[in-house]
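Okay, here's the prediction I keep looking at, along with the sequence it came from:
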Amino acid sequence: MTAVAGLLIRRPRIGRHQSSWPVWLVLALVFGASWIVVNGAGGDFVTTRNLQNIALRSVALGLVAIGQTLVVLAGSLDMSVAYTVSMSAIATSVVMDGRPDRMVLGVAAALAVGAAVGLTNGLVIAGLGVNAFIATFGVSLIVRGALNATFDNVAGSVPAGFQTLGYGAVGGIPVGVLLLAGVVAAAWYLMHRARFGYHVYAVGGNLESARLSGISTLRVLVAVHVLCGVCAALSGVFLASRLGAGSPWVGPQGGYDLESIAAVVLGGVALGGGRGRLLGTIGSVLMLAVVDSVFNHFEANSFLRTLVRGVIIVGAVALYARRGDRAQQPPS
Amino acid sequence: MTTVARRRPRAPRSPRGAFRSAVRSATRAVRGIAPIWLILAAAVALVVWRDPAFAEPHSLMAFLKRGAPLIILALGQLFVIVAGDLDLSVGALVTACVVIAARLGAGDPARTWWVICLLVAFGLLVGVVNGLVTAVLRVPSFITTLGTMLVLNGAVFLWTGGSPTGSLADNLRRLGRGSIPDVPVVGQLPYAVIAAALAVAVGYLLLRRTHFGSQIFATGGGPRTAWLSGVDTVRIRVGTFVVSALSGVAAAVLLAGFAGLSANAGDGYEFQAISAVVFGGAVLGGGRGRISAAVGGALTLLVLFTLLNLLGFAKPLRDTVQGFMIIGAAVFTAYRLRRPR
Amino acid sequence: MRHITKRFFGTVVLDDVSLDCLPAEVHAIVGENGAGKSTLMKIIGGEYRPDEGTVLLDGEPVRLQQPRQALDLGISMIHQEFTLLPHRNVAENVMLGREPRRGRWRRGVDRRSMEVTTAGLLAELGLDAISPKTLVRQLSVAQQQGVEIAKALSYRPRILVMDEPTAALTPAEVGALFARIRILVARGLTVLYISHRLTEIFDLAHRVTVLKDGRRVDTLDVADTSADDLVPLMVGRAGLAGLAVRHADPATIGPVRLSVRDGAAPGLHGIDLDVRAGEIVGVAGLDGSGRTELAHALAGAAPLRSGAIEVDGRRRRLGSPRAAIRAGIGSLTADRKSEGLVLPLSAADNSLLTVRAFGRVRRSANRALLTGLAGQVGLSVDALRRDVRVLSGGNQQKVVLAKWLVARAGIYVFDEPTRGIDVGAKAVIHRLMRDLADGGAAILMISSDLPEVIGVSDRIVVMCAGGIAGELPADASEESIMILATRARVPA
């Protein structure tokens, strides 16, 4: 089922794989280039405020990207994250309904929603044997329809106190960033220190081998999808806190599906699974955030931004996809 | 594409034997039909039951006219899927074409023909870019086409300053809206239906009766083998994306006719096209697929939407239904492929 | 195991097979490809479930539903295909699924203990040169096999099933492995050993069971039998006579059709090779000797970095498969399923692949073409219409050959032409090769099957460590080939 993503990945993986420029190096370069560009145009790039903004911009995507990394490492894929984000944002604000005593409940509801979507994805993929793209694509359509049919506008609201999550800061570091850091740390521990992580790499590396070694591939796959759903839900909660309320278009508008996968690929995780490290994803998320902040600085037209975003993502994936490929490959 | 050689059953020697062998050949015949047609038939039956007027020629024609764009898009998507890829940019391309036609045409009928030529060229460009990025730069097709979608959406609205400007010329709109009057049996025969039928014929010939078509199956079913056997897989894959893009242009022209100018002209069409093809029986991963999958799937989807309308479901729920459909279809296919154990 | 019957796709793969294994013995299983050996072993290993019959362990019936169960009961399997994870290190691979726990909630992994245990296991097998921290993909094929064996033994099994374990090992490594197995067997281990290499069986095994067409033919004590007795049981015909093919009459050998001068590429150096019309040149060598790289270079899949290739006198650059095909080279690769055939398509469509790629034949002429082809390769036209997936290995190979016949190839590069094909079909393929050569084609045949190399080639080229170690005449002995193949071995 490493062929689960096989629809999209046509190159067989070969042994020889030189490491590309580490994503951190690229991040540094992009940061440097942005600095030059912005300061050259008369602005000031390295201000606390700007850096805080960049960090904040990374939170929403970063949370989703972490979940996506886990899923991709296991050899699968999740195209439903964007709508999971929307759904959990709505769940948060609807359940909270502006009441401070309902904050915990709201968050719990959102996480439950994310877990439910993840559970569905995992069961359909691992239990029913459906290709990951189709399964999660289908689930996203189902959620999309349900959301758009029930809510055609912003729904519910978030109590003012809850907005600390989105706007507050502790010692100069935005709360959202602390949340992201916490999740990253937890994920890192899970993948590199816990048995579960080892099993995820195994399932992604060679499904049959993992199975033959006694690992329950069903459980692993369902678990990573649930975790991805929960991460997307956290992002939705964060966004609800920032925006004051959730709406059906929060997820797709942020492009979380495409961008989270792009971040994963740019961060060095192979789309076939079994290879790559978590921290690379964070590096590429930061990089995308830096680029975004430059756009913001120049107050670029949102359509221009969309356009350039598309080009950058495809271009970057193209560059990263070429590394480690030898001439022995068919041009496919 | 493959037929298992069947031996003719011996002539039965008794009436009971004759009956049994008749039943057997009937079952075999039914099982030989692609399941999608059976589902379509069931869906149509349901719709007619709720709304007998549906079966009348003029409403059938109206139905087919509205459905023509999807049929054409599904055909294009079929080519891409058989080659093992996906094209998620067609919806954005459709919107882009409609907006471009309005802005450049500015309602002037004299410009219509060269505007159409321009659209075709534009479609070619988009298809080639999609194909080259996917095949040469080796970006997975879903990423490429999602990126193209973003680029198209961004570029077109950047150009028009945020919302569609201009207007669509009348003669352009006639292509989508108009029909041939006084045709026997059906009454009004919409141009759109003719266009769709033509597309099906061309698609069939291209896919099944040309070297290009057979190479698409090879590229999708065994990319490395195809390459080693001399197939220029880059050219083939670019070709399929071009076919898909051109189908988008055709669909756009028809849509411009009866749906008019809007910023959401093409919204959701890529999902519908993929759903149609998957539901119709094409297997993702390449190498398999029939025209009936595209056409049957598209028609079934359209009938189901009509059914949902009749039953009073809200429009967004179409997405939900589609989601269930493609998962259901995929489960069914997975089950069928897995069964011999 | 008693009365095991197993069906796949409605065909009976194993028919009422019964097998006894005693403690402290090496029990070999032999048979042609398709005889059912691997299936039987997979049933013991818990991967498949028998449709009928029972597996008994110590006289108690067991129902094995999962490989894990078999492992827990003390049955450990080493597969033919590697099951290692290339991007994880040795320790992670060996201890997969049983990582030592750590931490308050016992969910963490104790890496140090894992590495120590793995190092110990490797040392037991004499593989201490391998560090537990190395990534598997950085190891040589032989080392990877060693890790597989270490992993299987780490379960401290009572029954060890080995499916062709020595395919990639040098004679020295095989010796070390056998020594280890003997020690374990002396301690009570039972080994079920599948192999085609009869010499190994006579070296190691106590008893041997012959399977043929899914049935158990006989079980014999190794001491009481010999290779000549076994082979007829396996193939149902006396001796290896089926393998011998008439060689080319030297007078009919024509001009040089393919010539490589000083070819070099990653994994190849100093390749000088000539193949003439009408001759079959066999290429022997161990895994990693560069034969595959040579095949890929000639197929246009991995062009040479330097050196010259001439086809029919013309200098050619084989930069892509299309270029190679235009030059008239047809390559039948070792991996039929992923490089020779498009599995979802029919046999007919597969044979027409090259034709369609170059647009040479009008569609209307297809039917006549196919009938002609079918006759040439010995396939019924009926078979051509079927999905290529359901054809036997031999028939599949015929389809691949047909593809190149249609392309009017003048030079054929066969890489493992009869791998995975039963003896009867092997003879047919060999005959086809000979006919091709007689018709003026130049054939290069890469093979690991020494009797095949000796029996079919007119000349034998032996490769070693990326270069050509030497050339031998057609009547060379297996030993002389092996000596050349292992001579210039670079110390690991």
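Nice, I can see it.

By proximity to chain B, which residue of chain C wins?
Chain C approaches chain B most closely through residue C:342 (3.4 Å), counting by Cβ to the nearest Cβ. The C-beta positions use only the backbone N, C-alpha and C, and glycine is treated the same way.

Now that we're looking at the closest residue to that residue other than its chain neighbours, what pLDDT does it have?
Once flanking residues are discounted, residue C:342 sits nearest to residue B:222: 3.4 Å by Cβ to Cβ, 6 or more residues apart in numbering or on different chains. On the pLDDT scale, residue B:222 is placed at 86.

distance of residue B:222 from residue B:19?
45 Å (Cβ to Cβ, to the nearest Å).

which residues touch the residue of chain C closest to chain B?
Residues in contact with residue C:342 (Cβ atoms under 8 Å, 6 or more residues apart in numbering or on different chains) are B:217-218, B:221-222, B:225-226, B:287, C:349-350, C:353, C:388.

of all those, which two lie farthest apart?
Spanning the widest gap among the contacts of residue C:342 are B:226 and C:388, at 13.6 Å by Cβ to Cβ.

Report how many residues lie close to residue B:209.
11 (other Cβ atoms under 10 Å in any protein chain shown).

Residue A:231 reaches residue A:114, doesn't it?
Yes - under the criterion of Cβ atoms under 8 Å, residue A:231 makes contact with residue A:114 at 7.5 Å.

what about the residue nearest to the spatial centre of chain A, which helix or strand?
Nearest to the mean C-alpha position of chain A, by Cα atoms, centre = their mean, lies residue A:65 at 2.0 Å. Using DSSP states H and E, residue A:65 sits in helix A:48-73.

and that helix, anywhere near chain B?
No - Helix A:48-73 is not in contact with chain B by Cβ under 8 Å from any Cβ of the partner chain; minimum separation 11.7 Å.

what packs against the helix or strand following that helix?
Counting by DSSP H and E, the next helix or strand C-terminal to helix A:48-73 is helix A:81-96. On a contact count with 3 or more Cβ pairs under 8 Å, 6 or more residues apart in numbering or on different chains; DSSP states H and E, helix A:81-96 meets helix A:48-73, helix A:103-122, helix A:132-150, helix A:217-243, helix A:250-253, helix A:256-266.

Relative to residue A:27, which of those helices is closest?
helix A:256-266 (9.8 Å).

distance between the closest one and the chain's centre?
6 Å (Cα atoms, centre = their mean, to the nearest Å).

quick one: contacts for the residue nearest to the centre of chain A?
When contacts are counted by Cβ under 8 Å, 6+ apart, residue A:65 touches A:259-260, A:263-264, A:267, A:281-282, A:284-285.

before we move on, the earlier item: isn't the residue nearest to residue C:342 up against residue C:336?
No - using Cβ under 8 Å, residue B:222 is not in contact with residue C:336; the gap is 10.7 Å.

quick one: residue B:26 and chain C, what's the gap?
Residue B:26 sits 23 Å away from chain C, going by Cβ to the nearest Cβ, to the nearest Å.

would that residue count as being in a strand?
No - the assignment for residue B:26 (DSSP: H, G, I helix; E, B strand; the rest coil) gives helix, which keeps it out of a strand.

and it, how many residues sit next to it?
10.

how about low-confidence regions in the stretch 51-200 of chain B?
Across the stretch 51-200 of chain B, nothing is flagged by pLDDT under 70.

and it, which of its residues are near chain C?
Residues of the stretch 51-200 of chain B lying near chain C (Cβ under 8 Å from any Cβ): none found.

re earlier: so for residue B:222 and residue B:19, which sits in the more crowded spot?
Between residue B:222 and residue B:19, counted using other Cβ under 10 Å, the more crowded position is residue B:222 (28 against 11).

May I have the phi/psi pair for the residue in the stretch 201-350 of chain C positioned nearest to chain A?
The stretch 201-350 of chain C approaches chain A most closely through residue C:302 (4.7 Å), counting by Cβ to the nearest Cβ. Here is the backbone geometry of residue C:302 (degrees, to the nearest 10): phi -150, psi 90.

now it, nearest residue through space, not along the chain?
Using Cβ to Cβ, 6+ apart, the closest residue to residue C:302 is residue C:296 (4.1 Å).

who touches residue A:214 in this structure?
Contacts of residue A:214 (Cβ under 8 Å, 6+ apart): C:66-68, C:71, C:97-98.

pretty sure residue A:299 is in a helix, no?
No - counting by three-state DSSP, residue A:299 is not part of a helix but coil.

Got phi/psi on it?
Dihedral angles for residue A:299 - degrees, to the nearest 10 - are phi 50, psi 50.

Kindly report the same for residue A:216.
Torsion angles, degrees, to the nearest 10, at residue A:216: phi -80, psi 100.

That one: neighbouring residues, count only.
17.

Pull up the gap between it and residue C:100, please.
19 Å.

coming back round to it: averaged pLDDT, the helix holding residue A:65. What do you get?
Rounded mean pLDDT across helix A:48-73 is 87.

and the stretch 201-350 of chain C, which residues reach chain A?
So far as Cβ under 8 Å from any Cβ goes, the stretch 201-350 of chain C lies against chain A at C:296, C:301-303, C:338.

just curious, which of the residues you listed is nearest to residue C:155?
When those are compared against residue C:155 (criterion: Cβ to Cβ), the nearest one is residue C:338, at 31.4 Å.

Ramachandran angles for the residue nearest to the closest one when sequence neighbours are not counted?
Of all residues not flanking residue C:338 in the chain, residue B:224 sits nearest, at 5.8 Å (Cβ to Cβ, 6+ apart). Main-chain dihedrals, residue B:224, degrees, to the nearest 10: phi -70, psi -40.

ok, the residue in the stretch 51-200 of chain B positioned nearest to chain C - contacts?
Per Cβ to the nearest Cβ, residue B:82 is where the stretch 51-200 of chain B lies closest to chain C, at 10.0 Å. Each residue near residue B:82 by Cβ under 8 Å, 6+ apart is listed here: B:207, B:216-217, B:220, B:240, B:282, B:286-289.
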